[in-house]
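Colleague: heads up, no residue letters with this:
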């Protein structure tokens, strides 16, 4: 039986989910017990799903921050290089004017 088709029965062994469709009818008490196990498993899976959604959201937020930091760093580097080129051009223009005049 595939692990996803196993429903925990409290013993750790699980029972095949095919029991729901078994040819032998289950007694009302067995159906109630099985229903309770299914409700508990559903609740466990719901909590796990919520946890995974929160984890994914946190991961996404962290990735966004890392990308923004990398972009800010690159923009800062480009801005600094542009400022250095402007300063160098201004110095060269001033030197050129002094040499001519």
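Modeller: Okay, I see it. These numbers come from a predicted model, not from an experiment.
Colleague: Return the distance of residue 74 relative to residue 65.
Modeller: 15 Å (CB to CB, to the nearest Å). Where C-beta positions appear, they are placed from N, C-alpha and C, glycine not excepted.
Colleague: same question, residue 81
Modeller: The spacing between residue 81 and residue 65, counted by CB to CB, is 25 Å.
Colleague: Same question for residue 46.
Modeller: 29 Å.
Colleague: go on, residue 101?
Modeller: 53 Å.
Colleague: Tell me where this structure has strands.
Modeller: 6-7, 15-16 (DSSP state E).
Colleague: Quick check, central residue of the protein?
Modeller: residue 56 (2.2 Å; CA atoms, centre = their mean).
Colleague: Could you check the pLDDT of that residue?
Modeller: Looking at residue 56, its pLDDT is 98.
Colleague: Could you measure from residue 96 over to residue 78?
Modeller: From residue 96 over to residue 78 (counting by CB to CB), the distance is 27 Å.
Colleague: Where does pLDDT dip in this structure?
Modeller: 1-24 (pLDDT under 70).
Colleague: ok, now with 90
Modeller: 1-28, 101 (pLDDT under 90).
Colleague: quick one: the helices in it?
Modeller: 28-100 (DSSP state H).
Colleague: how close does residue 60 sit to residue 67?
Modeller: For residue 60 relative to residue 67 (CB to CB), the value is 11 Å.
Colleague: My error: substitute residue 91 in the last question.
Modeller: 36 Å.
Colleague: Also residue 48?
Modeller: Distance of residue 48 to residue 67, given as CB to CB: 29 Å.
Colleague: now do residue 44
Modeller: From residue 44 to residue 67 the distance is 35 Å (CB to CB).
Colleague: Neighbour count: residue 101 and residue 65, which is higher?
Modeller: Set side by side, residue 101 and residue 65 show more neighbours around residue 65, with 10 against 5, by other CB atoms under 10 Å.
Colleague: for that one, what are its contacts?
Modeller: For residue 65, no residue meets the contact criterion (CB atoms under 8 Å, 6 or more residues apart in numbering).
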